[in-house]
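Enquirer: from the sequence below, what's the structure:
(one chain, ligands or ions: 1)
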Amino acid sequence: MSAERSEVTARDCWPRHVAIVMDGNGRWAQRQSLPRTAGHREGAKAVRRVVQACSERGIEVLTLFAFSSENWGRPRREIEVLMSLFLTTLRAEIRRLDNANIRLRFIGDPNAFSATLQDYIAKAQRRTAANTGLTLVIAANYGGRWDIAQAARRATEEVAAGRLQPADITPELLQRFVCLADVPEPDLFIRTAGELRISNFLLWQMAYTELYFTDRLWPDFDVDDLETACAAFAGRQRRFGLTNEQTARQDDA
Ligand code: FPP
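Expert: Alright, predicted model coming up:
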């Protein structure tokens, strides 16, 4: 195989969309005898590393689970630190993201955030909306069940307005109303810190996503870990409900 051909094959195997549950900040801090919040601050550094690596490698979409609908149950001080970290990181990074042609998007219900954070999120999205490089999606106050429920609610509103019939509500129709309907579905899901759960992340969107779990704690996750996860993904055979033989025929075509 020529060098050029093998490069094309390797590139073809890269995931277009990577979705990550960044777990283990608390455990990282505990191991260093630091408060949990120090783990989140270190986690923000790992975010910067991974965003840069995805952007440089031509990955189209990176979705990070920054704050789940369930995280509001954490101690008040931890929530305050996380909110302040989101704002300071956004303020510190927005110019760099914009210069790197990265489009920033948020999914989730922003209404529970402070007015300042909501304004800044809106501003950051507007500023980077026309960028054509990596789409960086931050899932904040997001839950997969919330997402499906809001899609169902919007479809029902169309029925109430007479623009749709109940029989029109199919998976294909609901797909148009869930978050991230306009980008490829996640190819690769990564969860750090050894937990083998999806935890109410992109439940609808991950129907055929390849799952990858690592014991590495999120603050320690680096570019080599990302490469290892992508290499594992490249070795998977994706069948999308078809048989081995059908998938092999598609690969040969
Ligand atoms: C889970 O670890 C992590 C979170 C709930 C917060 C993730 C936030 C960051 C990485 C901070 C920066 C993010 C952005 C987008 C700027 P955990 O606290 O549940 O860890 P544990 O399971 O070890 O306790």
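Enquirer: continuing past whichever strand or helix holds L87, what's the next helix or strand?
Expert: L87 is part of helix 76-99, with elements assigned from DSSP states H and E. Next along the chain after helix 76-99, taking DSSP H and E as the criterion, comes strand 103-107.
Enquirer: can you list contacts of that following strand?
Expert: If you take CB atoms under 8 Å, 6 or more residues apart in numbering as the criterion, strand 103-107 is touched by 63, 94, 97, 121, 124-125, 127-140, 142, 147, 179-180. In this view, the C-beta of every residue, glycine as well, is placed from N, C-alpha and C.
Enquirer: tell me the residue of the protein that sits nearest the ligand?
Expert: Nearest residue of the chain to the ligand (CB to the nearest ligand atom) works out as G26 at 2.4 Å.
Enquirer: up against the ligand, what does this structure have?
Expert: Residues of the chain found near the ligand (CB under 6 Å from any ligand atom) are 22-27, 40, 43-44, 47, 64, 66, 71, 85-86, 89, 138, 193, 218.
Enquirer: in strands, which of those residues appear?
Expert: Cross-referencing those against strands under DSSP state E gives L64, A66, I138.
Enquirer: that older thread, chain center to the helix holding L87, what's the gap?
Expert: Offset of helix 76-99 from its chain centre (CA atoms, centre = their mean, to the nearest Å): 17 Å.
Enquirer: isn't G24 up against A193?
Expert: Yes: using CB atoms under 8 Å, G24 is in contact with A193, at 2.9 Å.
Enquirer: stretch 129-140: end-to-end distance?
Expert: Stretch 129-140 has an end-to-end distance of 18 Å (CA to CA, to the nearest Å).
Enquirer: distance from that stretch to the middle of the chain?
Expert: On the basis of CA atoms, centre = their mean, stretch 129-140 sits 10 Å off its chain's mean C-alpha point.
Enquirer: in it, what's buried?
Expert: N131, G133, L134, T135, L136, V137, I138, A139, A140 (16 or more other CB atoms under 10 Å).
Enquirer: which non-adjacent residue is nearest the first one?
Expert: Yep, that's N131 we're talking about. For N131, ignoring the flanking residues on the chain, the nearest one in space by CB to CB, 6 or more residues apart in numbering is R103 at 4.2 Å.
Enquirer: what's the burial count for the one you found?
Expert: Using other CB atoms under 10 Å, R103 has 20 other residues around it.
Enquirer: mind putting the ones in strands among the residues of the chain next to the ligand into TSV with pLDDT?
Expert: What follows is those, written out as TSV (pLDDT from 0 to 100):
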residue	pLDDT
L64	98
A66	97
I138	98
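Enquirer: in CSV: those residues, plus distance to T209.
Expert: Output for these, formatted as CSV (distance: CB to CB, whole Å):
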residue, distance to T209
L64, 15
A66, 19
I138, 18
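Enquirer: G58: which of these is nearest?
Expert: The closest of those to G58 turns out to be L64 (CB to CB; 18.0 Å).
Enquirer: circling back to that earlier point, closest to C54 out of the buried residues of stretch 129-140?
Expert: The shortest approach to C54 among those belongs to L134, at 5.6 Å (CB to CB).
Enquirer: excluding its backbone neighbours, what's nearest the closest one?
Expert: Per CB to CB, 6+ apart, closest to L134 is S55, 4.3 Å.
Enquirer: chain center to the host helix or strand of the one you found: distance?
Expert: Under the criterion of DSSP H and E, S55 resides in helix 36-56. Put simply, helix 36-56 sits 13 Å off its chain's centre (CA atoms, centre = their mean).
Enquirer: and the residue nearest to the spatial centre of the chain, what pLDDT?
Expert: For the chain, the residue nearest the mean C-alpha position is T63 (1.7 Å; CA atoms, centre = their mean). At T63, the predicted lDDT confidence score is 98.
Enquirer: does it touch A19 like I think?
Expert: Yes: using CB under 8 Å, T63 is in contact with A19, at 4.3 Å.
Enquirer: overlap of the contact sets of these two?
Expert: Listed as contacting both T63 and A19 by CB under 8 Å, 6+ apart are P186, L202.
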